[in-house]
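Colleague: how would this look folded up:
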Amino acid sequence: MDANVQQLVEREIKRWQSERAARVDSHQGELPLYDVITLSNQFGSQGHAVCRRLGEVLGIPVYDREIVEHIATNKHVRVLTVETIDQRAYGGIDDHIAALFRERNFDQSDYMQALVSTVLALWHHGPCVLIGRGASHIVPRAHALSVRTVSNLDDRVRVVREREKLDDNAAALRKLHRTDAERNAFSHRYFGCDIDAPDTYDLVVNTSYLPAETAADVIVAAYRRKFRRDGAETSKAT
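Modeller: Numbers count the residues shown, from 1 in each chain. Below you'll find the model as predicted:
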């Protein structure tokens, strides 16, 4: 998995470098602020399947929690990631990080600093889907559709058991409870909030009743409506 993540990140860095060169050549004036989807995935709720569909329909990259974590914990990669955004974005990122830590109950650790700068750099690269790692608390709400996928416990147990190739439902349930506890602890430690609180999100989608493809279509419609897009997923300068 680590090798695959590294390859994905390297591929993205090459794409960012190419796009940055094109932006410099075009002498764009105003710095664009892009609109993204941040998705918090209840373990076993098929959030990754939903996000794959989102990426396909909108034609934008999907950065899952492993990719964000890899960049945030690898200083060399993080530096490359930041260096591929527009020079004018540097100051904006620094200002936003300072505001987040000043105005909200954010943990003051070095890891949190790295995570925030990583998510903001990904945001500044263009429209995308950001899965997990508190992205909905980091990207300004004016530029993010914040979504959580959930599903019924029985369905989550079935999905986890099949995906993880576990022996029985009891093992899947233990895995669910452990992962839920870890994710909620992460949310409380770094962002001071309950990951399951519905008022944290613009939209909560239950995949027990909406299949992944339908759930993605609902999210796409909300994304386009919130940011007044007509279906062409182009950047929006503000």
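Colleague: going by C-alpha atoms from here, please, whenever you check contacts or count neighbours.
Modeller: Noted.
Colleague: phi, psi of residue 130?
Modeller: The phi and psi values for residue 130, taken as degrees, to the nearest 10, are phi -110, psi 120.
Colleague: so it makes contact with residue 60?
Modeller: No: between residue 130 and residue 60 there is no contact under Cα atoms under 8 Å: 10.6 Å.
Colleague: which of these two has more neighbours?
Modeller: Looking at residue 130 and residue 60 with other Cα atoms under 10 Å, you find the greater number of neighbours at residue 130, namely 28 against 17.
Colleague: so who does the more buried one touch?
Modeller: By Cα atoms under 8 Å, 6 or more residues apart in numbering, residue 130 lies in contact with 36-39, 62-65.
Colleague: which stretches of the protein have low pLDDT?
Modeller: In the prediction, the chain carries residues with pLDDT under 70 at positions 1-3, 22-32, 87-91, 229-238.
Colleague: now the element after the biggest helix by length in the chain, going C-ward?
Modeller: Ranked by number of residues, the top helix in the chain under DSSP state H is helix 2-26. Note on helix 2-26: by DSSP states H and E, the next helix or strand toward the C-terminus is strand 36-41.
Colleague: so which elements touch that next one?
Modeller: Where contact means 3 or more Cα pairs under 8 Å, 6 or more residues apart in numbering; DSSP states H and E, strand 36-41 is packed against helix 47-58, strand 129-131, helix 135-138, strand 144-150.
Colleague: in CSV: the contacts of residue 130, plus neighbour count and distance to residue 195.
Modeller: Shown next, in CSV, are the contacts of residue 130 (neighbours: other Cα atoms under 10 Å; distance: Cα to Cα, whole Å):
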residue, neighbour count, distance to residue 195
36, 27, 19
37, 25, 17
38, 30, 13
39, 28, 12
62, 21, 21
63, 22, 19
64, 17, 17
65, 16, 15
